[in-house]
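> using only what follows, build the 3D model:
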Amino acid sequence: MLNRIDLRGRVPSATELRATLPRAEIDVDAALHQVRPVVEAVRERGVEAVLEYTERFDRVRPASVRVPRAEIEAALTTLDPAVRAALEEAIDRARKVHADQRRTDVTTTVVDGGTVTERWVPVERVGLYAPGGLAVYPSSVVMNVVPAQVAGVGSLVLCSPPQAEFGGRPHPTTLAAAALLGVDEVWAVGGAQAVALLAYGGTDTGGG
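Have a look, this model is predicted:
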């Protein structure tokens, strides 16, 4: 049953908000203790370590980390038309918002013949993450990919956890959202191992 909290008509204090909308407590040291071995293993052994942890945590071992382009495209062809329309509208609205957030270069004349220019340059490649362990979040694909594309990032890779019920691939709706956005590099990997793989890379992500 979905709980509804109605805060209309009043402005709660910070204390009231914390009581009404409690955040999960986390022991950072305990989390580091769990995550550090994963990150170190991926740094040392790359994709092989990723696949081992994927099998352990997600209970599935993908044939390859990288999802073949044909499977990404196929997910779009089977997407519910209503969901596709909603995603297309979300993408259009997100592009409008982020287009207005782009910065332009500014040149300041300090003295005659002397100027200082502030220049905004996009990074060459970014790694993006769309959750999907317990549910599907195509909105995260939109919210990650659109700003990067509008900023002018030339190369994108999207990570999302593999799903046992979908043969070790991310949820088809996640793949379809990637296809709508023109993202053809998707890795079926989640959790700390995904972030570590993005940071350190691997010898072979497979796919095509």
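> lowest-confidence helix or strand of the chain?
helix 14-20 (a mean of 87; mean pLDDT, DSSP states H and E).
> look at residue 52 and give its secondary structure.
On the three-state scheme (DSSP: H, G, I helix; E, B strand; the rest coil), residue 52 is labelled helix.
> now do the contacts for the nearest residue to it once chain neighbours are set aside.
Spatial nearest neighbour of residue 52, chain neighbours left out: residue 41 (7.7 Å); criterion: C-beta to C-beta, 6 or more residues apart in numbering. (C-beta placed from N, C-alpha, C; glycine too.) Applying C-beta atoms under 8 Å, 6 or more residues apart in numbering, we find residue 41 in contact with 49, 52-53.
> relative to the whole chain's centre, how far out is whichever helix or strand residue 41 is part of?
If you go by DSSP states H and E, residue 41 is part of helix 28-45. Here the centre of helix 28-45 is set off from its chain's centre by 20 Å, with C-alpha atoms, centre = their mean, to the nearest Å.
> what residues of that helix count as buried?
Neighbour counts over helix 28-45 (16 or more other C-beta atoms under 10 Å) mark 38-39, 41-42 as buried.
> and if you look at stretch 112-129?
For stretch 112-129, by 16+ other C-beta under 10 Å, it's 126-129.
> distance between it and the chain's centre?
How far stretch 112-129 lies from its chain's middle: 23 Å, per C-alpha atoms, centre = their mean.
> can I get the CA coordinates of it in CSV?
Output of stretch 112-129 as CSV, limited to C-alpha atoms (Å, rounded to 0.1, in the frame of the first residue of the first chain):
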residue,chain,number,x,y,z
ASP,A,112,43.6,47.5,-22.9
GLY,A,113,44.8,44.5,-24.8
GLY,A,114,44.4,42.2,-21.8
THR,A,115,41.4,39.9,-21.4
VAL,A,116,40.3,36.9,-19.3
THR,A,117,37.9,34.4,-20.8
GLU,A,118,35.8,31.9,-18.8
ARG,A,119,35.2,29.0,-21.1
TRP,A,120,32.9,26.0,-20.6
VAL,A,121,34.2,22.8,-22.1
PRO,A,122,32.3,19.5,-21.9
VAL,A,123,34.2,16.4,-20.8
GLU,A,124,34.9,13.9,-23.6
ARG,A,125,33.2,10.8,-22.0
VAL,A,126,30.9,10.2,-19.1
GLY,A,127,29.6,7.2,-17.2
LEU,A,128,25.9,7.2,-16.2
TYR,A,129,24.0,5.0,-13.8
